[in-house]
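>>> only the shape, not the letters, is given here:
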Ligand SMILES: Cc1cc2nc3c(=O)[nH]c(=O)nc-3n(C[C@H](O)[C@H](O)[C@H](O)COP(=O)(O)O)c2cc1C
């Protein structure tokens, strides 16, 4: 867990060691999801100089049915590992740590892309999507397969030399759908109150931990509020965060749920930092927040006010490839 310790051992709250590149795909992978030269070049440009303590790479798909978009990177098969290794080597040689984000899109996937039936926790449309298509409710066997696919994907990420793995449970994708009462109305143990709706997460974390060992960091991107009537609330996410910490998550990366990565009520700097602040008070593992942070001053304010331990930079880093260097 060295990079997490490094970040938190910094004696003051200055930005050094606390800047993270938020997951945001710089370009498209090959049609089979393998890494290509364009991806290597784009991450090279973003990581040059090692100014970010950590890069969290954009979401990769754990299985064909969970693929969100054409051009997404795959962690769904062993043949992708060699390309991923080139990517982790490159980021390391530039001086930063690298974590791969792994995802199943659930009802945010489309049959046109996957060629498969779209699945979700319940047969309910997904409010984070434009379409009101109804997914098939997942069977217990399908839930077990998804847990296994996350586990196999995490093993590949570790084999590819990454410093950790981030499980995607935000932005209206499958695990975000399990957390939200708007998309999860299951009558079995994977639905109901927040403990039930967070059960698949805990089972994934346990299974991944078993497979990758105690020293490999497991992060989670937690969509901590839907900002929708009847949707996931911050109060419930605080309970989920504590459960996830207890189950073995090493870092909580706070973002939005069904509202995706924007807060419908606030577009100011650190627009999710009211979520991360409350969650940070409830747990003792590091908390990361991204969203609307454009300047070093804004980032420092969030740190100084103890609203997060680490700061994620997304679009600002894409607009200015030297953003982190300038900020530091
Ligand atoms: C084009 C684009 C792609 C993104 N891809 C991902 C992704 O793969 N995984 C993820 O968790 N967030 C993704 N995000 C959200 C960003 O990580 C980040 O949370 C969001 O852009 C807000 O931070 P910012 O205001 O610093 O950009 C994406 C955002 C954009 C604009």
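Thanks, I have it. Model, not experiment: these values are computed from the prediction.
>>> tell me the contacts of the residue in the stretch 201-328 of the chain positioned nearest to the ligand?
For the stretch 201-328 of the chain, the residue positioned closest to the ligand under CB to the nearest ligand atom is residue 314, at a distance of 2.7 Å. All C-beta spots, glycine's among them, are computed from the backbone N, C-alpha and C. Contacts of residue 314 were listed using CB atoms under 8 Å, 6 or more residues apart in numbering, and they are 21, 22, 23, 24, 261, 290, 291.
>>> what about the ligand: which of the residues you listed touch it?
Intersecting the contacts of residue 314 with the contacts of the ligand gives 22, 23, 24, 261, 290, 291 (criterion: CB under 6 Å from any ligand atom).
>>> can you list which of those are found in helices?
Judged by DSSP state H, the subset of those located in helices is empty.
>>> any chance of a markdown table for those residues, columns distance to residue 164, neighbour count and pLDDT?
Converted to a markdown table, those look like this (distance: CB to CB, whole Å; neighbours: other CB atoms under 10 Å; pLDDT from 0 to 100):
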| residue | distance to residue 164 | neighbour count | pLDDT |
| --- | --- | --- | --- |
| 22 | 15 | 26 | 95 |
| 23 | 13 | 26 | 93 |
| 24 | 18 | 18 | 93 |
| 261 | 21 | 21 | 98 |
| 290 | 17 | 29 | 98 |
| 291 | 21 | 25 | 98 |
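>>> need the residues of this structure near the ligand, please.
The interface of the chain toward the ligand, taken as CB under 6 Å from any ligand atom, is made up of 22-25, 58-59, 101, 168, 170-171, 221, 255, 261, 290-293, 313-316.
>>> so where do the helices sit in this structure?
All helices of the chain, identified by DSSP H, fall at 2-9, 37-47, 81-93, 111-114, 140-159, 174-179, 194-197, 199-212, 234-247, 273-282, 296-304, 315-319, 323-327.
>>> what's the most buried one of the ones you listed?
helix 174-179 (a mean of 29; mean count of other CB atoms under 10 Å).
>>> tell me which other helices or strands that helix touches.
strand 164-169, helix 194-197, helix 199-212, helix 234-247 (3 or more CB pairs under 8 Å, 6 or more residues apart in numbering; DSSP states H and E).
>>> same list, those, but as a markdown table with distance to residue 90 and mean pLDDT please.
Formatted as a markdown table, the entries for the helices and strands packed on helix 174-179 read as follows, by distance: least, CB to CB, whole Å; pLDDT from 0 to 100:
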| stretch | distance to residue 90 | mean pLDDT |
| --- | --- | --- |
| strand 164-169 | 17 | 98 |
| helix 194-197 | 38 | 98 |
| helix 199-212 | 22 | 98 |
| helix 234-247 | 30 | 98 |
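>>> show the average pLDDT along stretch 59-78.
For stretch 59-78, the per-residue pLDDT values average out at 98.
>>> next, the buried residues of it.
Of all the residues in stretch 59-78, those buried under the rule 16 or more other CB atoms under 10 Å are 59-68, 71-76.
>>> closest one of those residues to the ligand?
residue 59 (3.6 Å).
>>> identify the residue spatially nearest to the closest one, adjacent ones excluded.
residue 103 (4.0 Å; CB to CB, 6 or more residues apart in numbering).
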